[in-house]
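**Student:** what would the 3D arrangement of this be:
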Amino acid sequence: MTRHTHLSNTSANTPGVHAAVDLAIVGAGPCGLAVAVAAKEQGIRFAILDRGAITESLTHYPHYMTFFSTAERLEIGDVPFTIPEPKPTRREALAYYRHVVAHHELQVRQYEDVTRVVRHYGPEVADKQALEGEKGENHDGFVLHTRTRDGREDRVHVRAVVIPTGGFGEPNRLDLPAGEPDGRVIHYYKEPFPFFDQDVAVVGGGNSAVEAALELYRSGVRVRMVHFAAVFDRGVKPWVRPDIDNRIEHREIVMHWKSRIAALGPRTATIVCDDTGGATEVPNDWVLAMTGWRPDHTLLDGLGVRTDPRTGIPDHDRATMETNVPGVFIAGVIAAGYNANRIFIENGREHGALIAAAVAGEAS
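**Tutor:** Predicted coordinates for the structure are as follows:
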């Protein structure tokens, strides 16, 4: 197979220059990088852009977290992920994916936000409005409008576009009468030390909530948990369950089952039990809302990609990952819709080869 050296010194990777490439990849997470590697192997000219850093979402993970997956299941691009322990830490994963970028000489346009994607029509098309049908077969590609951190704007003309933007688009916010107070309700948990000797409510019943609660408890924080269900989520790691169960049994962590935070006072939280309707006011300085995130469908919606309102899954062909709009593909967690536990790095990384094969096939 012919290997194509990515456009390291061309306009495709130089902000401010109108460029033309075969494929644009909007997001440089693990699944986006997997698409880039597969595209390079197919000889596809591509540009990969991210509004943040490479694997930006991983930078928001807890500083000391360990992945549930083993290292080999997180590998992409045939680059070995060699570490002392079977399961990598956040720091090891961040270093590994940067090594993949360097190894494959992927020129990632970091800190360049794709603000919109529009269909492009050739000059021979007079009535563009009439051709803006549901599938838009008559367009000859897309134009990405981008903006860098320093305000420079660019346009990239592409034949196809991949949206592998992951599941961290918008947090599932608490339903509070006055909305979430700025700075007090936190949706990213990184480390316990800022919360020492504080009253913290952890909302949620999944791995993120349980692990945050335990780490906070062991770091001198007064912790209570609030969960809408009567039990923890089934996906909580089995080796963590005895620990959290014991902490709750001994009242070292106070648990509010089938409950929600109904209001926040200056230094209090009102917790309502959905079973009894009873309200309890408790001391509170911070709320860690480990309630999950929703993928950002803004670009897909703007292009006319249909999304199932019940599942949040964009309409796509699983064999190619192409959506109902020809030339628009998805990859990674965004293909799971609202159920982010269905697609992880270890299976989302497989989408790259499917997409590259489809794009290469259309070009031949």
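**Student:** where does the stretch 51-200 of the chain have low pLDDT?
**Tutor:** Within the stretch 51-200 of the chain, the stretches with pLDDT under 70 are 121-139, 167.
**Student:** show me the strands in it, by range?
**Tutor:** 108-109, 112-119, 142-148, 153-163, 170-171, 185-186, 199-203 (DSSP state E, counting those that start in this stretch).
**Student:** residues touching L216, list them.
**Tutor:** P192, F195, V200, V202, V223, L288 (Cβ atoms under 8 Å, 6 or more residues apart in numbering). Using the backbone N, CA and C atoms, a C-beta is placed for each residue, glycine as well.
**Student:** got the contact list for the third one?
**Tutor:** By Cβ under 8 Å, 6+ apart, the residues touching V200 are L216, V221, R222, V223, R224, N284, D285, W286, V287, L288.
**Student:** still on that earlier bit, of the strands of the stretch 51-200 of the chain, which is nearest A340?
**Tutor:** strand 170-171 (12.2 Å; Cβ to Cβ).
**Student:** so which elements touch the closest one?
**Tutor:** Using 3 or more Cβ pairs under 8 Å, 6 or more residues apart in numbering; DSSP states H and E, the elements in contact with strand 170-171 are strand 293-294.
**Student:** can you name the element that comes right after the strand it packs on?
**Tutor:** Following strand 293-294 in sequence order, the next helix or strand is helix 298-303 (DSSP states H and E).
**Student:** can you name the next helix or strand after that next one?
**Tutor:** In N-to-C order, the element after helix 298-303 by DSSP H and E is strand 328-330.
**Student:** show me the contact partners of that following strand.
**Tutor:** 142, 160-164, 300, 303, 305, 314, 316, 320-323, 351, 355, 358-359.
**Student:** any idea of the mean pLDDT for the next helix or strand along the chain from that strand?
**Tutor:** Sequence order places helix 345-348 as the next helix or strand after strand 328-330, per DSSP H and E. Mean pLDDT, helix 345-348: 88.
**Student:** tell me what helix 345-348 is packed against?
**Tutor:** By 3+ Cβ pairs under 8 Å, 6+ apart, helix 345-348 packs against helix 30-41.
**Student:** mean confidence score for the helix it packs on?
**Tutor:** 97.
**Student:** read off the pLDDT value for the nearest residue to P177 once chain neighbours are set aside.
**Tutor:** Of all residues not flanking P177 in the chain, A263 sits nearest, at 6.2 Å (Cβ to Cβ, 6 or more residues apart in numbering). Note on A263: pLDDT of 96.
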